[in-house]
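1. Okay, predicted coordinates and the sequence, questions at the end:
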Amino acid sequence: MTLPMNAQKVSMHFIEKIKELSGENVKVCMQCGTCTSACPMSDEMDFFPRKVMHYSQFGLLQNLENINSYWKCASCHSCTVRCPRGIDIAKVMEALRLLVLRTSTNYIEPSQIPAEKLQEYPGIMMVAGFRKLTS
């Protein structure tokens, strides 16, 4: 099945945007699944890292838009260390988060966090969370 010409342009633009943001070429992924087996957060994800990479390879942004996988990524780089192709999958996940955040949509809303929780949470956790989850 071939995509209509305008859909092909959109997919190539998405693939190039991931490469620009992450520095990684998702096209070299051979879908071995090593990333998923190494991921400590895969049980919490809608799609396993291998499936995220698969959709990224084909520029299927619509399949990746409303999932939690790249938000649940702990950026521990276990997948990267074990990837036989040397792809930094954590960087790809970060690029996907950035693409969502560039739409000016916060994944968490800082103003909705109760004041008592703000005092309870460690400062470094708050800074990391805001960097990762807000636009």
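-> Sure, I can see it.

2. Going by residue numbers, what spans are helices in the protein?
-> 5-22, 34-38, 49-57, 61-64, 69-72, 78-82, 89-101, 115-120, 123-133 (DSSP state H).

3. So which elements touch the third one?
-> Okay, so that is helix 49-57. Packed against helix 49-57 by the contact rule (3 or more CB pairs under 8 Å, 6 or more residues apart in numbering; DSSP states H and E) you find helix 5-22, helix 34-38, helix 61-64, helix 69-72, helix 89-101. The C-beta positions use only the backbone N, C-alpha and C, and glycine is treated the same way.

4. Adding mean pLDDT, distance to D46 and mean neighbour count as columns, could you present those in a markdown table?
-> A markdown table is the format used below for the helices and strands packed on helix 49-57 (pLDDT from 0 to 100; distance: least, CB to CB, whole Å; neighbours: other CB atoms under 10 Å):
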| stretch | mean pLDDT | distance to D46 | mean neighbour count |
| --- | --- | --- | --- |
| helix 5-22 | 78 | 18 | 14 |
| helix 34-38 | 95 | 13 | 19 |
| helix 61-64 | 85 | 10 | 16 |
| helix 69-72 | 90 | 5 | 20 |
| helix 89-101 | 90 | 12 | 21 |
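
5. ok, S56 - contacts?
-> F14, I15, I18, V26, L64, V92, L96 (CB atoms under 8 Å, 6 or more residues apart in numbering).

6. gap between it and R131?
-> 22 Å (CB to CB, to the nearest Å).

7. how about the closest residue to V52 other than its chain neighbours, what does it touch?
-> Leaving out its chain neighbours, the residue that sits closest to V52 by CB to CB, 6 or more residues apart in numbering is S69, at 5.1 Å. Contact partners of S69, counting by CB under 8 Å, 6+ apart, are M45, D46, F47, F48, P49, K51, V52, M93.

8. which of those count as buried?
-> M45, F47, F48, P49, K51, V52, M93 (16 or more other CB atoms under 10 Å).

9. So the first one is in contact with K72, correct?
-> Yes. Checked against CB atoms under 8 Å, the pair M45 and K72 is within contact range at 5.0 Å.

10. mind checking how far the most centrally placed residue in the chain is from Q31?
-> By CA atoms, centre = their mean, the chain has its centre lying nearest to M93, at 2.4 Å. Separation of M93 from Q31 (CB to CB) stands at 16 Å.
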